[in-house]
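Q: Give the three-dimensional model of this entry:
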Amino acid sequence: MSLIATRDLTKEYEMGAETVRALRGVTISIERGEYVAIVGPSGSGKSTLMNLIGCLDTPTAGEYVLNGKSVARMNDDELASIRNREIGFVFQTFNLLPRATALHNVELPLIYNGTPSSERLEAAKRALERVGLGDRMTHKPSELSGGQRQRVAVARALVNDPSIILADEPTGNLDSKTSIEIMELFENLHSAGNTMIVVTHEPDVAERAHRVLFIRDGLIASDEPTARARASASA
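A: Residues are numbered from 1 along each chain as shown. Next comes the predicted model:
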């Protein structure tokens, strides 16, 4: 059974008198442990697809099954619950609480789901150690570099041991050297068994994945392995 399976996924928005068809019938399947990049030009529907995969929105029509659960018709409370259990988010803008330490920022998803404080603390420490920030746990975001802030965001995404790490333009606010470091971290997480989905407009970021879904005009225009994946398969 696929970790993610969509069939004829459609999303329409009403904008005044006009109906915008952001997705026009997307059918994809992503297996557990894959590393997939979703790319496409501005307005192609990639952000809409990300929002649906991440259970941040529901489709107008079509089916979406995540880890065996049909989510297309879930209400807001059910969506929030499945987001908290199944998906770790990494955003371009980090979305960290400025006055909280790295440790507290990483704890937040566990606070929301009612994990006891002692368990929260240990899980947050482990997640920060996984991303190489074991010595920065008491630092606030203003005391960290951009790359370190993104690592805190990755640790926060990992702390619930989710089925999927979903990253939206994760290197968009980082310089080239730091972007490479974050993408190497993603590769390490993937090697450790995490399912990675990265939404990006940067070809070099997409090429680090093993498979690229190219979306245009609300449809999957191509679904191909990257050169890295082909080289790995032939090795």
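
Q: Val199 touches Asp168, doesn't it?
A: Yes: between Val199 and Asp168 there is a contact under C-beta atoms under 8 Å: 4.9 Å. In this view, the C-beta of every residue, glycine as well, is placed from N, C-alpha and C.

Q: More neighbours: which of those two?
A: Using other C-beta atoms under 10 Å as the criterion, Val199 and Asp168 rank with Val199 on top: 26 against 20.

Q: one step back: any shared contact partners between Val199 and Asp168?
A: Ser47, Met50 (C-beta atoms under 8 Å, 6 or more residues apart in numbering).

Q: Buried residues in stretch 7-20, which are they?
A: Leu9, Thr10, Lys11, Glu12 (16 or more other C-beta atoms under 10 Å).

Q: Stretch 89-109 too?
A: Result for stretch 89-109 [16+ other C-beta under 10 Å]: buried residues 89-92, 94, 96, 101-109.

Q: what sits up against it?
A: With contact meaning C-beta under 8 Å, 6+ apart, stretch 89-109 is reached by 54, 84, 88, 120-121, 123-125, 127-128, 133, 136-142, 144, 149-150, 152-157, 159-160, 165-170, 172-173.

Q: quick one: which of those residues sit in helices?
A: Residues of the contacts of stretch 89-109 located in helices (DSSP state H): 84, 120-121, 123-125, 127-128, 149-150, 152-157.

Q: beta partners for the residue nearest to the spatial centre of the chain?
A: Nearest to the geometric centre of the chain sits Leu166, at 0.8 Å (C-alpha atoms, centre = their mean). Beta-bridge partners recorded for Leu166 (DSSP bridges): Phe89, Ile197.
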